[in-house]
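1. Just need the structure, nothing else, for what follows:
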Amino acid sequence: MFLCCLCKAHHRSCSSLFQHLKFHHGLYPGRSLRLKCGEPGCSSVFFFFKKSVKNFKNITKTLAKKHQHQLAFHWESFYFKRFQFGPFNEVSTCTLEGNKLLTETWNVPTVSTTTWVKNYGTEYQVGMFVCSSVENEMPVFNKISSIIVKDGQAFLLAGNVITVCFDEHVHAFCIEEVGNIFTLICVDDLMYYRPYDRQFSYDSDERTYIVPCCVFVSDWN
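-> Reported below is the predicted structural model:
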């Protein structure tokens, strides 16, 4: 489909520029015609393949090699292990922040904690922020206080964060860390899987920001 659209667009552009000339419906005209063609709409097509594989003759081979390179990149960067985690540390439940929530949820004396965990290649660390929900068109962030591994799943014990506003100047959400209310979140149940680091402005203010990487919506339907 891409090759068909590319051929039609290229032929349409060249036909409009050189109406007095006759050439076949090929993807590329002759060298003399390419030298006369100064229109960016035509020259950009040549530039793309010149930078990619430098193959002007066999367009199918060019696209095939680019596709093979992309497949190789995905195979090399793909995490075959769905769930990875750091070293365990058995700690008492009463020593953790938000121990009241853990007691009400699981009622266990000790839990297995770790400093980092990977789920399908996405790494979560203590101190990062996650978006747990969206309220009034504003994301609700939580700061990861502890990472608990239980029954082959990762749970994030995270404190609440107040989203003050969206600063258009720095294009980020201004937040205030409170941490007096905790939430236990399973990594698989996150609405937005990507974690965030807190950022600071270069100005004199000492406010904390979170730079979004997507549009937060409250209704998926």
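2. Lowest mean pLDDT among the helices and strands of this structure, which one is it?
-> Lowest mean confidence among the helices and strands of the chain (mean pLDDT, DSSP states H and E): helix 31-36, at a mean of 47.
3. gap between residue 76 and residue 119?
-> 20 Å (C-beta to C-beta, to the nearest Å). (Glycine included, C-beta is placed from N, CA and C.)
4. neighbour count winner among those two?
-> Using other C-beta atoms under 10 Å as the criterion, residue 76 and residue 119 rank with residue 119 on top: 19 against 7.
5. Enumerate every residue touching that one.
-> Residues near residue 119 by C-beta atoms under 8 Å, 6 or more residues apart in numbering: 82-83, 154, 187-188, 193.
6. Of the residues you listed, which is the nearest to residue 133?
-> Checking the contacts of residue 119 against residue 133 with C-beta to C-beta, the nearest one is residue 193 at 13.7 Å.
7. Verify the stated contact: that closest one with residue 121.
-> No - with contact defined as C-beta atoms under 8 Å, residue 193 does not reach residue 121; the gap is 10.1 Å.
8. how about stretch 165-181: buried residues?
-> Using 16 or more other C-beta atoms under 10 Å as the test for burial, stretch 165-181 gives 170, 172-175.
9. Please enumerate residues in contact with it?
-> 97, 129, 138-139, 141, 143, 145, 159-164, 198-199, 201, 207-212.
10. Just the element for the closest residue to residue 148 other than its chain neighbours, please.
-> Excluding the flanking residues, the one nearest residue 148 by C-beta to C-beta, 6 or more residues apart in numbering is residue 155, at 4.5 Å. Assigned by DSSP states H and E, residue 155 belongs to strand 153-167.
11. per-residue confidence averaged over that strand?
-> Averaging pLDDT along strand 153-167 gives 93.
12. what's the next secondary structure element after it?
-> Next in sequence after strand 153-167, counting helices and strands by DSSP H and E, comes strand 172-186.
13. If you average the pLDDT over that following strand, what comes out?
-> Strand 172-186 comes out at a mean pLDDT of 90.
14. How about stretch 194-205?
-> Here the average pLDDT along stretch 194-205 is 83.
15. Likewise for stretch 75-87?
-> 76.
16. For it, measure first residue to last.
-> End-to-end distance for stretch 75-87, by C-alpha to C-alpha, to the nearest Å: 27 Å.
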